[in-house]
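In: Can you look at this prediction? I've put the sequence above it.
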4 protein chains.
Amino acid sequence: MIKVGIIGATGYAGSELVRLLLGHKNAQIVWYGSRSYIDKKFASVYGNCFKLVEDVCRDDDLQTLAEEADVIFTATPQGFLAGVLNEEILEKCKVIDLSADYRIRDVAVYEKWYNLEHKSPHLIEKAVYGLSELYREEVKKTRLLANPGCYTTCSILTAYPLVKAGLIDPDTLIIDAKSGTSGAGRGAKVQNLFCEVNENIKAYGVTSHRHTPEIEQELSVAAGREMKISFTPHLVPMNRGILVTEYATLRKKADGSYPTREELFKVYEDCYGKETFIRLLDEGVCPETKWVEGSNYTDINFVIDERVGRVVMMGALDNIVKGAAGQAVQNMNLMFGEDEAEGLRLVPAFP
Amino acid sequence: MIKVGIIGATGYAGSELVRLLLGHKNAQIVWYGSRSYIDKKFASVYGNCFKLVEDVCRDDDLQTLAEEADVIFTATPQGFLAGVLNEEILEKCKVIDLSADYRIRDVAVYEKWYNLEHKSPHLIEKAVYGLSELYREEVKKTRLLANPGCYTTCSILTAYPLVKAGLIDPDTLIIDAKSGTSGAGRGAKVQNLFCEVNENIKAYGVTSHRHTPEIEQELSVAAGREMKISFTPHLVPMNRGILVTEYATLRKKADGSYPTREELFKVYEDCYGKETFIRLLDEGVCPETKWVEGSNYTDINFVIDERVGRVVMMGALDNIVKGAAGQAVQNMNLMFGEDEAEGLRLVPAFP
Amino acid sequence: MIKVGIIGATGYAGSELVRLLLGHKNAQIVWYGSRSYIDKKFASVYGNCFKLVEDVCRDDDLQTLAEEADVIFTATPQGFLAGVLNEEILEKCKVIDLSADYRIRDVAVYEKWYNLEHKSPHLIEKAVYGLSELYREEVKKTRLLANPGCYTTCSILTAYPLVKAGLIDPDTLIIDAKSGTSGAGRGAKVQNLFCEVNENIKAYGVTSHRHTPEIEQELSVAAGREMKISFTPHLVPMNRGILVTEYATLRKKADGSYPTREELFKVYEDCYGKETFIRLLDEGVCPETKWVEGSNYTDINFVIDERVGRVVMMGALDNIVKGAAGQAVQNMNLMFGEDEAEGLRLVPAFP
Amino acid sequence: MIKVGIIGATGYAGSELVRLLLGHKNAQIVWYGSRSYIDKKFASVYGNCFKLVEDVCRDDDLQTLAEEADVIFTATPQGFLAGVLNEEILEKCKVIDLSADYRIRDVAVYEKWYNLEHKSPHLIEKAVYGLSELYREEVKKTRLLANPGCYTTCSILTAYPLVKAGLIDPDTLIIDAKSGTSGAGRGAKVQNLFCEVNENIKAYGVTSHRHTPEIEQELSVAAGREMKISFTPHLVPMNRGILVTEYATLRKKADGSYPTREELFKVYEDCYGKETFIRLLDEGVCPETKWVEGSNYTDINFVIDERVGRVVMMGALDNIVKGAAGQAVQNMNLMFGEDEAEGLRLVPAFP
C-alpha cells in the first residue's frame, strides 16, 4: 500500500487527487494538507467526500510528512515547493509536483515567465517532466516528478507526432486553447465568480501565458530545434475540460503534394496506438471536452486543409484529470511499479 | 459473469447503465439495444465510450435477447415493456424496467396518470418496486423489478422516516422538486434545446406530474393510510441532479412541545444509519446536487421551524444514477447475490 | 433632468441602475459612488459601459452628494444608510434605498433578523415601502423610499391578491423560491465561484432568510392579521431571475365547492389588470424567468389542485430589474412625476 | 412609420428583430411570418412578448406581404428567398435578407459551399452586402440588402483595418471563432439539446464552414488581392455571443522593426473612430462577449507578439444583434433615412 501525502488538498487539483486515490487499490492517503483549513474535516470542505473521508486537514509540514508518506503530491502555488524541497526529503520519499517549479529546465526562462526567483535550481536536473506517454521510462526511475500543466499536456500531445515527424513547419504553429473554469483554481476572485464567467467567453494572458515556454520546451525537443509558438488561452463557461485547436503549415512531400490523412494518421498511430489514455478519433469526428469529462483520456484528431496548406489539429482532455491529478496518479503508478491505469479506469460521464 | 442486455441503450439512462456496467466486475453487456441506431456503433453515438465499447446497436428483440442475457434492462418509453413482456421471457431471464410500467400497483391509477392502456396488468403483481433501501429482501427474490422514477426515489427517501414514524401530518406534505435537464431525455424537442433551458427556470406538470401517484403509493404504505401530496417539478439549467425541498407540519409531542433535531435525526438514523448510499448530513448543511454528481448517493437533511410548526426536509441525488441507472444496478446486484455496491463505488466528482 | 447619485454603483444592482438610467430620457447620473474603485473609471469595472460612461468612481460622501443630486440611490450593505442618513440630507434630496434598512417597520424585527443595531430608527416611519403597485400613492409623496428585496417583490406580488381577498388560509402559505446568482452580489466569495454554483442547486438560509419578515409584514397587511410563512430560497446556476412557487390551502366557498380558475383569475385581474409591469399568464402557461430577463415585468400564474385542496401560485421576475434597480427607477419616476414606465420599456431578451 | 414584415419571425434572429423593432420609434411590424406557427399567437411562441405583441403568425406569402410592407426581413433557410424573390417584389418594397442567398457575388462559390442551386442569380448584382460600417453609402441606396453572417461580421470587422492597410501578410490569417448556441438556430436537433451543449466545447465545420467564402470575399476586397483563410468555428455553452481570435504575421516596417501598438491602433482608429457601434478597447483589455450582450456593439482589440512576429486580433459581438437582427435594423435605418442608431441604443446587460 503506497502511503500518500497531499499538500494543497483543498484546491481543485488536490481534491481531484483525493477522488482518484479513493478508488486506487494500492494507495492510501495519510495526510490531507491544507493551510487554509487546518483541523477542519476535509469532507466539510468537499461535501462530495462526506462519509468517505473522515480525516481533518493538516498543515504543510513537508519534513514530518516525508517521514510518514511514500510519496508527496504538491498541488501548491508556484514557488512553494522550490522554497522548501531538499535532497533530504527526496531521500525519504518521492515527490510529484503539480506546480511549475521543476518543469522548465532553463531556470532563467522560469524566472522570467513566472516572475519569481527559483529557490532550488540545483534540483531541476533531478526532476523528470511527467508527460507520461513521452517520458515513461524516465518517470519510472525518478524521485522528483514535475507534473505538466493542463494546457501544456493537451497542447503538446496534440501536436507532438507531426512535429516529431517533421511534417509541419515549426515556425507556423499556433495554439488556440479553451479551458473550463476549474483551471483558474478555487481562489475567491471577482473574475471567477459565476456571474462573471457564465454566458461569457474571453481570451486572457494573450502572448504572455506561463504555459507557453513549457510547450515550447517540449516541442523543441521533438522538433530537434528551437520552436516559438503563439499560444492563446480562453476562459469557457464550464467546469472542466480543455480543448486546443492548433494550426500549422503542412510540409509538402517530395513530389509536391500534401500528405494524405492516412499518412498523417499513421504518424499519430505510431506514436499513440498502444496508449491506454490517448484516443485517436475517427475521420470527421471533432474532439469534445464532454466526451472525456472525469476521465484520464486525451482525444485527438486533425483535418487537412489543402486549400490553405495547413493542418488543423484538435485535442481535448479533462484539465483536472489528465491535465493535473489523473496524470499525477498515472506517474505515481509508473514510479511505484503499479499498473499504469490503476485508479484511472474511469469511464467519462455523459451528459 | 452476469450477461446483460439493455433495451434503450442510447437514451441517457441507458448510456449511464453502460458507463456503470463497464466498471462492474461481474457483469458484461451482451446487447446494446437501440431502435434508432441499429447497426451503428454505440461509441459513435456516445463518444465517451470510444475505444471502450466496440459493439454496434441492435434492435429491440426481447425474445432473442432473453435467450442471450441473464438480465434485461429496459430504459424505454412508457407502455413499451407492458406491451411485449410475458411469463415466457421472465422464465428465461430477469427484467429490470426503468420505465413506469410496473411501478403502480393499481392499474387504474397507472392508466389515468399515464393516459395509456396497460397491456399486461396481470404481471404487475409479480413486480417488486425497486427502491432498494426499502424493499431489499423482496428485490433479492424477484424476476421483474420496477425501478423507481428519479423524482420518486428522491422524494420518498427524504420523507419516508418521518412519515413512517408518524411525526408529520400526512395531509400537509408538499414536495417542491428541482431537476437537471437529463431527466427530460434525449429526444429532440425545442423545449429542451440549450437556448431554451439555459439561464432559465420554470415549473412544469404542475399538479399533474406522473411521478405523483408513485410517491403517494409508497408514502401511503409508510403512513399506513392514504396520502395525497402536492408535487411540483422544476427544470433547472444543469445536466444532472435532483433536489427536493419538502414541507410538512410537525406533530407535537404529548407534552405540547415539538420534537428536537436530535429526536428527528435518530428516526432518520434508525432507518438509514447502515445504508451505504444514503448520507445524513451534519446539522446546518444543506444537500447540494453537485456533491452527489455521478454517484449513487442520496444526501438528506432537515430543518425544524418551530416558528411555523413545520419541518423542511431536503434530499439530493443524481437523477440518472440513484434516480435511474445506479439504482437499477444496485437492484441487479441484489437480484444476483452480488455485493450491493459493486460497480457503484464512484466518488462524486467535484467540480 | 433629474440629477441622480448612486452609492454602491459597482455592485450588480448599482450597475443595473446605470444601465437603466442611461436609457432614461429625464435622468442624468452625476455621481458614481464606489468605495472599492475610487478614481477608477466606472467603465473599466463594467466593460459593458465602455464608451457609454466616461465618469470615474467617487467616494461615498452622502453630504456632498446631497448638494449635487436630486435623488440618491443607495445600493449598499445593510446598516450603511441607517448609519449616515439624517433629516438634513432628506431635506436636500430624495433617497431611494435598495438595502433593507427602512423596509421593516418594527425595528426589533429588523435588528433580530439582520443581527444589527439600527442607527436611525426614528426615520423608519418617514419611509415608504416601495412595492410600486401596492403603494403607488404613498410613493409619489415620500422623500425616503425603502425599495423592496428581490425575493420579497416576487413573493408578495404572487400571493397578494388571494391573501387580500381571503381566498387562502394564511397559516398555510409556503414559498419555495429559486434565484439566479447575481442575487448573491459581486463579493469575492468561494461559494459564489463559477465552479461552485454551476451544475448545482441547493437551498440556503432555510427557515432563517432575512427576506422572510419583510414578506410577512406586507402579507399580514393584506390579510388583516398576522401571517407567518415558510420561505426557502435556492441558488440556481443562472445569472438573473427569481421564480417563486407558492402553496396554500384554498378556502372553500359557502356551498362547499372550491373557487374556479375564473374566479381566482378575476381576483388577480382586479388587482393587476391595469398594471404595466405585471402580466397574468394564460391558463396552463407557467412563468419562466427567461421570459422576463432584463425587463421590469413580473409574470404570474396559478393552478388549482382540488385533489389536495390547494392552489399553487407561481411568479417570475428579473431579480436585478423588478427585484432591485428596475423597481427603484419605477419608484423614482413616481416620486418625480415622470411617466412610471420611463426608462423601463425594455422588451425581455430571449434567448 | 416604416411598415415591416418579417418572414421567419419565430426563429431566434426573427424574434430578435421583433424585440428590437418594438423599441424603434418609426417602425411597426405588420406581418409576423412563420410557416411553423400559422394562426398561433406570436407571444405564445415567444413568451417574452406576452402582452407586447397581440398578433398571430401568418404564412410566408411574399407577394401579399410586399403590398402591405415597406420592407421585408427574411430570416429564412438558405435558398428560400432566392427561390421566391423577383423584381416585381423589389419594386414594391425593400428586402433585407438575413440568409446567405445574396451575400456571395460569385454564384459558383455560393453553390459549392452551400450545395444548393441558386434560383435567382441575376438578382445578386442588385444586392448590397450589408456590413453597415464598410458599405454605408451603398446600403443607403439599395432595395435588396444581403445582411452578413454572424461569424462573418465579427471576423471581418476585427481584421479589416490591418488587412486594408497592408500591415499583415494576407496568406497567414487564421480565424479561430467561438459562438454561443443561438447561432445554431431553434431547430429541434439532438446536438443542440441542453445536455449535449452544456459543459462542453467542440469545433465543428472544420475547414468547411459556409461563412469562410464570405469572409474571404470581403477581406480580399480590402487586401486588393485574393485571400484564403483558415476559419474554425466552435460551439460554446452560452446563449449569445461570438468571440474571434485572429492570428496573422505582422509585416515589418522599412527599418526592419515591427509597427508599434500606437501605430496599429491609429489604423483601427482611422477606420472606426467615428463609428457608434464599434468600440476599440484600451490596451490590455480583451473583448468579452458578455460586455456586448444584447447590444449592437462590436468590441475589438489586439496584441502584438514580437517574439513570434504576429499580431493577435480579437473581436466580440452579440451574434443575434450585430451578427444578425441588430445589423439588419441598422441597415433598415440607413435604407430609410432614419438615424442609424434608432432602436439600437441598448446598453449591454451585465451580468
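Out: Received, thanks. These numbers were taken from a predicted model, which means no experiment stands behind them.

In: mean confidence for stretch A:76-96?
Out: Averaged across stretch A:76-96, the pLDDT comes to 97.

In: neighbouring contacts of it?
Out: Under the contact criterion CB atoms under 8 Å, 6 or more residues apart in numbering or on different chains, stretch A:76-96 has outside partners A:5, A:7-8, A:60, A:62-63, A:65-67, A:69-74, A:97-102, A:114, A:116, A:118-120, A:123, A:126, A:130, A:142-145, A:147, A:328, A:331-332, A:335-336. Quick note: C-beta positions are derived from backbone N, CA and C, even for glycine.

In: Which of these are buried, as a ChimeraX select command?
Out: Selection of buried members from the contacts of stretch A:76-96 for ChimeraX, criterion 16 or more other CB atoms under 10 Å in any protein chain shown:
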select /A:5,7,8,60,62,65,66,69,70,71,72,73,74,97,98,99,100,101,102,114,116,118,120,123,126,130,142,143,144,145,147,328,331,332,335
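
In: Between the two ends of stretch A:45-59, what distance do you get?
Out: The first and final residues of stretch A:45-59 sit 15 Å from each other (CA to CA, to the nearest Å).

In: Do any residues in that stretch lie close to chain B?
Out: Yes. Looking at stretch A:45-59 against chain B by CB under 8 Å from any CB of the partner chain, the contacts come from A:46-52.

In: do the same with stretch A:191-206
Out: Yes. Using CB under 8 Å from any CB, we find that stretch A:191-206 touches chain B at A:Glu199.

In: Report the buried residues of that stretch.
Out: Of the residues in stretch A:191-206, A:192-203, A:205-206 count as buried by neighbour count, 16+ other CB under 10 Å.

In: where do the helices sit along the stretch 251-351 of chain A?
Out: Taking DSSP state H, counting those that start in this stretch as the criterion, the stretch 251-351 of chain A carries its helices at A:261-272, A:326-335.

In: ok, back up a step: out of the residues of stretch A:45-59 next to chain B, which is nearest to chain D?
Out: A:Asn48 (16.6 Å; CB to the nearest CB).

In: Distance check, the one residue in the stretch 151-300 of chain A that gets nearest to chain B against B:Asp318.
Out: Among the residues of the stretch 151-300 of chain A, A:Trp291 lies closest to chain B, at 3.9 Å counting by CB to the nearest CB. Using CB to CB, to the nearest Å, we find A:Trp291 at a distance of 19 Å from B:Asp318.

In: between those two, who's got more neighbours?
Out: The neighbour comparison of A:Trp291 against B:Asp318 (other CB atoms under 10 Å in any protein chain shown) goes to B:Asp318, with 32 against 26.

In: In terms of pLDDT, where does A:Gly47 sit?
Out: 98.

In: Count the neighbours of it for me.
Out: A:Gly47: 22 surrounding residues under other CB under 10 Å.

In: Quick check: it touching B:Glu288?
Out: Yes. Using CB atoms under 8 Å, A:Gly47 is in contact with B:Glu288, at 6.4 Å.

In: what's the helix or strand for A:Leu145?
Out: In this assignment (DSSP states H and E), A:Leu145 forms part of strand A:144-146.

In: any residues touching that strand, and which ones?
Out: The contact list for strand A:144-146, computed with CB under 8 Å, 6+ apart, reads A:85, A:90, A:94-97, A:100-103, A:123, A:126-130, A:139, A:328, A:331, A:335.

In: With stretch A:186-198 instead?
Out: With contacts defined as CB under 8 Å, 6+ apart, stretch A:186-198 is touched by A:10-12, A:181, A:184-185, A:235, A:237, C:12, C:181-182, C:186, C:188-190, C:192-198, C:237-239, D:238, D:290, D:351.

In: can you give me the offset of that stretch from its chain's centre?
Out: Remark: stretch A:186-198 is offset 22 Å from the chain centroid, using CA atoms, centre = their mean, to the nearest Å.

In: Repeat that for stretch A:173-187.
Out: That offset, for stretch A:173-187, works out to 11 Å (CA atoms, centre = their mean).

In: One more: stretch A:217-234?
Out: With CA atoms, centre = their mean, you get 16 Å for stretch A:217-234.

In: repeat for stretch A:212-222
Out: The chain centre lies 14 Å from the centre of stretch A:212-222; the measure is CA atoms, centre = their mean.

In: and what of stretch A:87-97?
Out: Worked out by CA atoms, centre = their mean, stretch A:87-97 lies 21 Å from the chain centre.

In: Can you list the buried residues in it?
Out: Residues of stretch A:87-97 classed as buried: A:89-90, A:92-97 (neighbour count, 16+ other CB under 10 Å).

In: for those residues, which one is nearest chain B?
Out: The closest of the buried residues of stretch A:87-97, once distances to chain B are taken by CB to the nearest CB, is A:Ile96, at 20.0 Å.

In: residues in chain A within reach of chain C, list them.
Out: Residues of chain A lying near chain C (CB under 8 Å from any CB): A:12, A:181-182, A:186, A:188-190, A:192-199, A:237-239.

In: again, only using 7 Å
Out: A:12, A:181-182, A:186, A:188-190, A:192-195, A:197-199, A:239 (CB under 7 Å from any CB of the partner chain).

In: Let me see the mean pLDDT of stretch A:249-267.
Out: 97.

In: I should have written stretch A:291-303 there, sorry.
Out: Mean predicted confidence for stretch A:291-303 is 98.

In: list the buried ones in it?
Out: By neighbour count on 16+ other CB under 10 Å, the buried set for stretch A:291-303 is A:291-303.

In: a markdown table for these, including distance to A:Gly323?
Out: Formatted as a markdown table, the buried residues of stretch A:291-303 follow (distance: CB to CB, whole Å):
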| residue | distance to A:Gly323 |
| --- | --- |
| A:Trp291 | 15 |
| A:Val292 | 10 |
| A:Glu293 | 12 |
| A:Gly294 | 12 |
| A:Ser295 | 12 |
| A:Asn296 | 10 |
| A:Tyr297 | 11 |
| A:Thr298 | 9 |
| A:Asp299 | 13 |
| A:Ile300 | 14 |
| A:Asn301 | 18 |
| A:Phe302 | 20 |
| A:Val303 | 23 |
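
In: how far does stretch A:193-208 stretch from start to finish?
Out: End-to-end distance for stretch A:193-208, by CA to CA: 23 Å.

In: er, stretch A:162-172 I mean
Out: 13 Å.

In: likewise stretch A:220-237?
Out: End-to-end distance for stretch A:220-237: 32 Å, by CA to CA.

In: Please identify the buried residues of it?
Out: Buried, per 16+ other CB under 10 Å, within stretch A:220-237: A:220-223, A:227-237.
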